[in-house]
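> Sequence below, structure please.
(one chain, ligands or ions: 1)
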Amino acid sequence: MKFGVVGCAGRMGRMLLREVLTSRDRGCELVGAVAREGSSALGHDAGILAGLDPCNVRVEDDPVPLFADADAVLDFTTPTATRRFSALAAQGKTIHVIGTTGLSDGDENALSKAARHTPIIQAANMSLGVTLLEALVERVARTLGDEYDIEILEMHHRRKVDAPSGTALALGRAAAAGREVALDEKAVRSRDGHTGAREAGAIGFATLRGGDVVGDHTVIFAGDGERLELTHKASGRDIYARGAVRAALWAHGRKPGLYTMRDVLDL
Ligand code: NAD
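Presented below is the predicted three-dimensional model:
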């Protein structure tokens with residue numbers, strides 16, 4: 001299967017290059033790597049960029065030939081770039097695996113339109129562990145009901161600029177889905193000062209920032225006399241790249257549509 005990576009000079013981009021180049025035994029071949037115009041990575045060998053041996057793929061700045069040639073393109077970039085790439089994926093009928101976060105409603109609509117023409121797999125967290133955690137949280141929330149208070153705690157490195165994390169919000173949506181409520185109506189995203197007692201049915205979020213923590217998430221179900229805590233800890237970013245390649249392999253030969261990692265894992 002022919003793979004391309006866009007945003008290949010980014011932190012995740014390099015991880016994705018590495019994952020594709022070290023997955024030859026699974027039939028993966030890197031056919032193109034695209035960086036932003038003006039990037040210092042342009043013209044460099046993609047293997048070297050990934051910290052591996054040269055692979056004879058030069059980093060280019062034009063994504064059009066890549067989407068025409070590749071079977072699947074892995075994209076962890078920015079919302080604006082991802083929106084443009086999804087249109088190219090639709091034209092080329094290229095599988096588009098999207099890890100980019102912070103997409104607006106308009107961006108999401110554009111992806112839905114592109115997904116009429118090609119398989120698109122999108123997830124704010126592509127790790128297999130977090131995907132399973134989401135499914136577990138939905139299941140537990142459905143079983144335990146409102147008498148167990150749900151609190152979602154996350155910790156990330158000191159450079160992270162948004163809170164709560166996209167993954168924490170996805171876990172909140174999973175909990176809300178289990179209870180058949182809308183997260184927007186139940187979420188309590190911060191607490192300070194005299195907040196009053198906790199409202200029944202609220203889904204609370206708490207955020208910690210510090211050090212080089214890749215990403216820890218705990219969903220707490222606190223009842224009277226017992227507490228159930230489900231935790232995922234990421235110790236490296238390679239888990240996201242591994243999930244992205246797995247998603248692309250899964251999508252090969254599938255009908256056009258907008259899929260999630262839960263589809264990929266058949267959850
Ligand atoms: P980064 O800033 O290191 O990398 C982004 C790269 O995209 C940069 O190299 C940038 O130059 C490039 N880019 C931007 N516009 C481009 C364009 N038009 N053409 C080509 N390249 C372009 O950031 P990062 O840490 O690698 O994260 C990237 C995205 O992935 C973020 O949205 C982040 O939140 C998300 N992310 C998702 C997951 C997941 O599992 N879904 C995991 C980690 C990060």
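
> Report how many residues lie close to G129.
Burial of G129 is recorded as 15 neighbouring residues (other CB atoms under 10 Å). In short, each C-beta sits where N, CA and C put it, glycine included.

> swap in V6?
V6, neighbours per other CB under 10 Å, totals 28.

> List the residues that contact it.
Listed by CB atoms under 8 Å, 6 or more residues apart in numbering, the contact partners of V6 are 13, 34, 63, 66, 73-75, 77, 81, 85.

> now, which of those residues lie close to the ligand?
Residues of the contacts of V6 in contact with the ligand (CB under 6 Å from any ligand atom): 13, 34, 77, 81.

> looking at those, which has the most residues close by?
V34 leads those on contacts (other CB under 10 Å) with 30 neighbours.

> Would you confirm that that one contacts L66?
Yes: V34 lies in contact with L66 (CB atoms under 8 Å); the separation is 5.5 Å.

> what about the helices in the stretch 1-150 of the chain?
11-21, 46-49, 63-69, 79-92, 105-114, 128-144 (DSSP state H, counting those that start in this stretch).

> Based on its surroundings, how many neighbours for whatever residue of the chain ends up closest to the ligand?
The nearest approach of the chain to the ligand comes at G10, 2.1 Å away (CB to the nearest ligand atom). Using other CB under 10 Å, the number of residues around G10 comes to 18.

> Report the buried residues of stretch 31-41.
By neighbour count on 16 or more other CB atoms under 10 Å, the buried set for stretch 31-41 is 31-36, 39, 41.

> just to revisit the earlier point, export the helices of the stretch 1-150 of the chain as CSV, with columns for mean pLDDT.
Below are the helices of the stretch 1-150 of the chain laid out as CSV (pLDDT from 0 to 100):
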stretch, mean pLDDT
helix 11-21, 97
helix 46-49, 98
helix 63-69, 98
helix 79-92, 97
helix 105-114, 96
helix 128-144, 97
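
> Now the terminal residues of stretch 109-129, how far apart.
28 Å (CA to CA, to the nearest Å).

> next one: that stretch to chain centre, how far?
For stretch 109-129, the separation from the chain centroid amounts to 10 Å (computed by CA atoms, centre = their mean, to the nearest Å).

> And that stretch, what's buried?
For stretch 109-129, by 16+ other CB under 10 Å, it's 110-111, 114-115, 117-128.

> ok, and for stretch 60-75, which residues are buried?
Per 16+ other CB under 10 Å, stretch 60-75 contains these buried residues: 60, 63, 66-67, 70-75.

> what sits up against that stretch?
Under CB under 8 Å, 6+ apart, the answer for stretch 60-75 is 1-7, 16, 20, 31-39, 42, 81-82, 84-85, 88-89, 91-92, 94-100, 241, 244-245, 248, 251-252.

> residues in the stretch 101-250 of the chain within reach of the ligand, list them.
101-102, 123-126, 240.

> Try it again at 5 Å.
101, 125-126, 240 (CB under 5 Å from any ligand atom).

> related to what we said a few turns ago, show me the contacts of stretch 60-75 that map onto strands.
Among the contacts of stretch 60-75, the residues falling in strands (DSSP state E) are 2-6, 31-34, 95-98.

> Thanks a lot, see you next time.
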